[in-house]
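Q: give me coordinates for this.
(chains A, B, C and D)
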Number of protein chains: 2
Amino acid sequence: MSDKPTTIKEIAKILKISVSTVSRALNDHSSIGLTTKMRVKKLATELNYEPNQKAIQFLQGKSHIIGVILPELSESFFSTAISGIEDVAYKRNYTVLLAQSHDDADREKLLVEKMKTQRVDGLLVSVSKTTSTYEHFEIFKKLNIPVVFFDRIPPIKDIHYVASNLENGTYEAVNFLLKKGHRTIGMINGPTTLVASHERKEGYIKAMISNRLKFDPSLIVSCDLSESGTIEVMNTMLNHRRKPTAIVTFNDYVALFAMRHTRSLELEGIDFVSYANLPIINYMDYTPIASVEQFPYKQGKKAADILIDLINRPKNETGTEQAYFNVVVESELIISNIK
Amino acid sequence: MSDKPTTIKEIAKILKISVSTVSRALNDHSSIGLTTKMRVKKLATELNYEPNQKAIQFLQGKSHIIGVILPELSESFFSTAISGIEDVAYKRNYTVLLAQSHDDADREKLLVEKMKTQRVDGLLVSVSKTTSTYEHFEIFKKLNIPVVFFDRIPPIKDIHYVASNLENGTYEAVNFLLKKGHRTIGMINGPTTLVASHERKEGYIKAMISNRLKFDPSLIVSCDLSESGTIEVMNTMLNHRRKPTAIVTFNDYVALFAMRHTRSLELEGIDFVSYANLPIINYMDYTPIASVEQFPYKQGKKAADILIDLINRPKNETGTEQAYFNVVVESELIISNIK
DNA sequence: TATTTTCAAACAAACGTTTGCGCACATTTT
DNA sequence: AAAATGTGCGCAAACGTTTGTTTGAAAATA
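A: Numbers count the residues shown, from 1 in each chain, chains lettered A, B, ... in the order given. Here you go, the predicted model:
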């Protein structure tokens, strides 16, 4: 029965017309008479004709596939972001080729290669924590395949990216705590190598200054984001001559580690604010009093939209300066309603 | 500079030999002299030649892409499973086209269509909760494109699938509680429509019988898995004439809801055992004392392996009865080390 | 020397589709 | 009546690669 899919050729043969006529008829080309057009379309549906995408992709040199490389789908941020990416992709007739780097720079490099051999039309990347060189992305620039980075942005120039406004998010978080009466606010920041850590620090400082308070750098500590690392810096915090009454943490996990540690010391009364707003905090018994939502879905959506725009932009005339998309998605402080 | 990728033709022209010779030289065909082979390979690497996958895929009618449709990546089970799928796929030179149904049957149907037009070589599916018809998968059978189901298996015949042994998992869980001295064990089961609920029940019964205990059906209650639903059935449990001293729950979320509820009633001392072994329980303050691990990574891996085997199986001679892979991945009771 | 075998490389078809060009016919404009 | 314009369709090339068949020459056999 349905052995091989129907081709345009077969339709042509049955109707005793040329392949080109069939092709044009199906694509509503202007130079085809109404009658033949109808005949072709009728038979096409009867035979369940579906254009062979591979042939078209090959012919046009377009795959209609976008590659997505991200660190970890088990991180809620990314699994939500991918939904946004997917939705845009499907709406705009692209499909998503997925790969996780598992925060391994070597694997990431390999995956970028794979994406290249698969000839994706564009690439969406959130770089791994351990990535320190970026030449593998340069290849894409040479091949004129657009790359858009999101959330985890490499510190290089001339790239497209979408990221959340961490500075502003932190500003609001600190401001919220200040309004609540706190005067000694600690911050458990991430590794200093991350751009994100820097931005958070700036937000912190901005909030202090705009409230006419003095900024005390010793209240900001760097942390490797592990549980042991968090405990270590928490101890530093708690032994600080100005013991913080509130702490802003790099993410929800750090917040949980820190909170667990303080409780194990039977210390109460420190307010925590964190990032990411993970769904799991709904299941927690003790939660941060607020969390900065980064809207991963929106971020993924935006990034995918930009990428597909770039793919379909008119051929960049040589000489024309290329513009880079640097989109910042605003974040929002979500105040927990759980007491 | 590097405008268009190098083709086999260009190499042929430069070396003044035919395209076919170049092709065969690159593919180590036996009938090519060593000298020409070397010359070709040398030039190929110099020019950064990479075969145009689209052309090859088109020519061979193979895409080397497997489609994966699953309900929700934000569910830890699936985000872990996809890692297993991915790893196998990449190792065996396939790429993964991903799509989430978000547990919406209509969307799932649409995605299956998309996968068809993209001409994937095979399909990996975990069906949505709301899917009740299955014709959209039949099309693939007609097109001779293999489909492998995993975890969420549709109740139809003649399919390939990979699933975990829930019956056995429950058996072990109940057995564990019995060995611990419990004699009145409740079970919060899922909706009766799910195959999974049925299997859990069987496991429960089997454990009771093999311990020469009487099975009391009223100790098993069905639940819609929501928080309110869980609280409701928990109340039923707690008011039962034989109040359970231990409870087996359908999954970790239900366990959390139930535990929170009992604690809010200031009831202590009920042992909980649940499924899934979510990473989040590491962050919880009160956790189930054990959880049935379903090895999603392994399950994903297995499913992908089977699928790719099916894709590459020798042409099924018409007449030969097709065998169906029904693989059951054993589950394992993980006993929590958190006191 | 005449014939067969082997090796190395070329030729050409094929995959399914799009598209520039051209041809034949019909209709309208000079 | 001739020329220009328009309409509807076919021809053939092109995309990059693989692969069955063929060719040509050198080497081995008779």
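
Q: burial of the nearest residue to residue A:84 once chain neighbours are set aside, as a residue count?
A: In space, and not counting its chain neighbours, residue A:84 is closest to residue A:300: 3.0 Å by C-beta to C-beta, 6 or more residues apart in numbering or on different chains. C-beta coordinates here come from the backbone N, C-alpha and C atoms, glycine included. The criterion is other C-beta atoms under 10 Å in any protein chain shown. On that basis, residue A:300 has 31 neighbouring residues.

Q: can you name the residues that contact residue A:300?
A: When contacts are counted by C-beta atoms under 8 Å, 6 or more residues apart in numbering or on different chains, residue A:300 touches A:80, A:81, A:82, A:83, A:84, A:85, A:86, A:88, A:150.

Q: my guess is the first one contacts residue A:297, does it?
A: In other words, residue A:80. Yes: taking C-beta atoms under 8 Å as the contact criterion, residue A:80 and residue A:297 are neighbours in contact, 5.2 Å apart.

Q: more crowded one of those two?
A: Neighbours were counted for residue A:80 and for residue A:297 using other C-beta under 10 Å; residue A:80 has more, 20 against 16.

Q: what's the distance between the helix or strand where that one lies and the middle of its chain?
A: Assignment of secondary structure by DSSP states H and E places residue A:80 within helix A:76-91. How far helix A:76-91 lies from its chain's middle: 8 Å, per C-alpha atoms, centre = their mean, to the nearest Å.

Q: so which elements touch that helix?
A: Applying 3 or more C-beta pairs under 8 Å, 6 or more residues apart in numbering or on different chains; DSSP states H and E, one finds that helix A:76-91 makes contact with strand A:65-70, strand A:95-100, helix A:296-312, strand B:95-100.

Q: export that helix as PDB, just CAs?
A: As requested, the backbone C-alpha atoms of helix A:76-91 are provided in PDB (Å, rounded to 0.1, in the frame of the first residue of the first chain):
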ATOM      1  CA  SER A  76      14.200  24.600  35.900                       C
ATOM      2  CA  PHE A  77      15.400  27.800  34.300                       C
ATOM      3  CA  PHE A  78      16.400  25.900  31.100                       C
ATOM      4  CA  SER A  79      13.600  23.500  30.900                       C
ATOM      5  CA  THR A  80      11.200  26.500  31.000                       C
ATOM      6  CA  ALA A  81      13.300  28.500  28.600                       C
ATOM      7  CA  ILE A  82      13.200  25.600  26.100                       C
ATOM      8  CA  SER A  83       9.500  25.700  26.100                       C
ATOM      9  CA  GLY A  84       9.600  29.300  25.000                       C
ATOM     10  CA  ILE A  85      12.100  28.500  22.300                       C
ATOM     11  CA  GLU A  86      10.100  25.600  21.100                       C
ATOM     12  CA  ASP A  87       6.900  27.500  20.900                       C
ATOM     13  CA  VAL A  88       8.400  30.200  18.800                       C
ATOM     14  CA  ALA A  89      10.200  27.700  16.600                       C
ATOM     15  CA  TYR A  90       7.100  25.700  15.800                       C
ATOM     16  CA  LYS A  91       5.100  28.800  15.200                       C
END
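
Q: ok and that helix relative to strand A:65-70, angle-wise?
A: With axes from the mean of the first three to the mean of the last three C-alpha atoms, to 10 degrees as the criterion, the two stretches helix A:76-91 and strand A:65-70 enclose an angle of 180 degrees.

Q: give the buried residues for helix A:76-91.
A: By neighbour count, and taking 16 or more other C-beta atoms under 10 Å in any protein chain shown as the criterion, the buried residues in helix A:76-91 are A:76-90.

Q: and what of stretch A:6-25?
A: The neighbour-count check on stretch A:6-25 (16+ other C-beta under 10 Å) flags A:6-8, A:10-12, A:15, A:17, A:21-25 as buried.

Q: near DNA strand D, list only the ones from those residues.
A: Among the buried residues of stretch A:6-25, the residues lying close to DNA strand D (C-beta under 7 Å from any atom of the strand) are A:17, A:21.

Q: need the contact partners of the helix holding residue A:80.
A: The set of residues external to helix A:76-91 that reach it, using C-beta under 8 Å, 6+ apart, is A:66, A:68, A:70-73, A:95-96, A:98, A:124, A:126, A:150-151, A:276, A:278-280, A:294, A:296-305, A:308, B:73-74, B:79, B:98-100, B:102, B:111, B:114.

Q: and those residues, which are buried?
A: Among these, those classed as buried by neighbour count (16+ other C-beta under 10 Å) are A:66, A:68, A:70-73, A:95-96, A:98, A:124, A:126, A:150-151, A:276, A:278, A:280, A:294, A:296-305, A:308, B:73-74, B:79, B:98-100, B:102, B:111, B:114.

Q: residue numbers of the stretch 51-200 of chain A in contact with chain B?
A: Within the stretch 51-200 of chain A, the positions adjacent to chain B are A:52-55, A:57-58, A:61, A:63, A:65, A:73-74, A:76, A:79-80, A:82-83, A:86, A:90, A:95-100, A:102, A:111, A:114, A:116-119, A:142-144 by C-beta under 8 Å from any C-beta of the partner chain.

Q: any idea how far chain B is from the residue of chain A positioned farthest from its centre?
A: Farthest-out residue of chain A from its mean C-alpha position, per C-alpha atoms, centre = their mean: residue A:16, at 51.5 Å. Using C-beta to the nearest C-beta, to the nearest Å, we find residue A:16 at a distance of 27 Å from chain B.

Q: for that residue, give me the pLDDT.
A: Each residue has a pLDDT score; the one for residue A:16 is 91.

Q: strands along the stretch 201-339 of chain A, start to end?
A: A:220-222, A:246-249, A:271-275, A:290-293, A:326-329, A:332-335 (DSSP state E, counting those that start in this stretch).

Q: which of the ones you listed sits most buried?
A: Per-residue neighbour counts averaged over each of the strands of the stretch 201-339 of chain A give the maximum for strand A:246-249, namely a mean of 29 (mean count of other C-beta atoms under 10 Å in any protein chain shown).

Q: report the rounded mean pLDDT for that strand.
A: Mean pLDDT, strand A:246-249: 95.

Q: contacts for it?
A: For strand A:246-249, contacts defined as C-beta under 8 Å, 6+ apart pick out A:170, A:173-174, A:177, A:180, A:182, A:184-188, A:200, A:204, A:237, A:255, A:258, A:270-275, A:288.

Q: got the phi/psi numbers for residue A:148?
A: The phi and psi values for residue A:148, taken as degrees, to the nearest 10, are phi -120, psi 130.

Q: how about it, what does it touch?
A: Contact partners of residue A:148, counting by C-beta under 8 Å, 6+ apart, are A:122, A:123, A:124, A:125, A:160, A:161, A:162, A:303, A:306, A:307, A:310, A:325.

Q: swap in 6 Å and give it another go.
A: Taking C-beta atoms under 6 Å, 6 or more residues apart in numbering or on different chains, we find residue A:148 in contact with A:124, A:160, A:303, A:306, A:307.

Q: how close does the fourth one sit to residue B:164?
A: What that stands for is residue A:306. When distances are taken as C-beta to C-beta, to the nearest Å, residue A:306 and residue B:164 turn out to be 40 Å apart.

Q: helices of the stretch 1-150 of chain A, residue ranges please.
A: Counting by DSSP state H, counting those that start in this stretch, one finds helices in the stretch 1-150 of chain A at the ranges A:8-15, A:19-26, A:34-46, A:53-60, A:76-91, A:105-117, A:135-142.

Q: the fifth one versus helix B:105-117: what angle between them?
A: Going back to what we said before, that points to helix A:76-91. Going by the same axes, to 10 degrees, helix A:76-91 makes 70 degrees with helix B:105-117.

Q: am I right that residue A:200 is in contact with residue A:170?
A: Yes: Residue A:200 lies in contact with residue A:170 (C-beta atoms under 6 Å); the separation is 4.5 Å.

Q: what residues are up against the closest residue to residue A:62 other than its chain neighbours?
A: Excluding its sequence neighbours, the residue lying closest to residue A:62 (C-beta to C-beta, 6+ apart) is residue A:121, at 5.8 Å. Neighbour list for residue A:121: A:62, A:63, A:311 [criterion: C-beta under 6 Å, 6+ apart].
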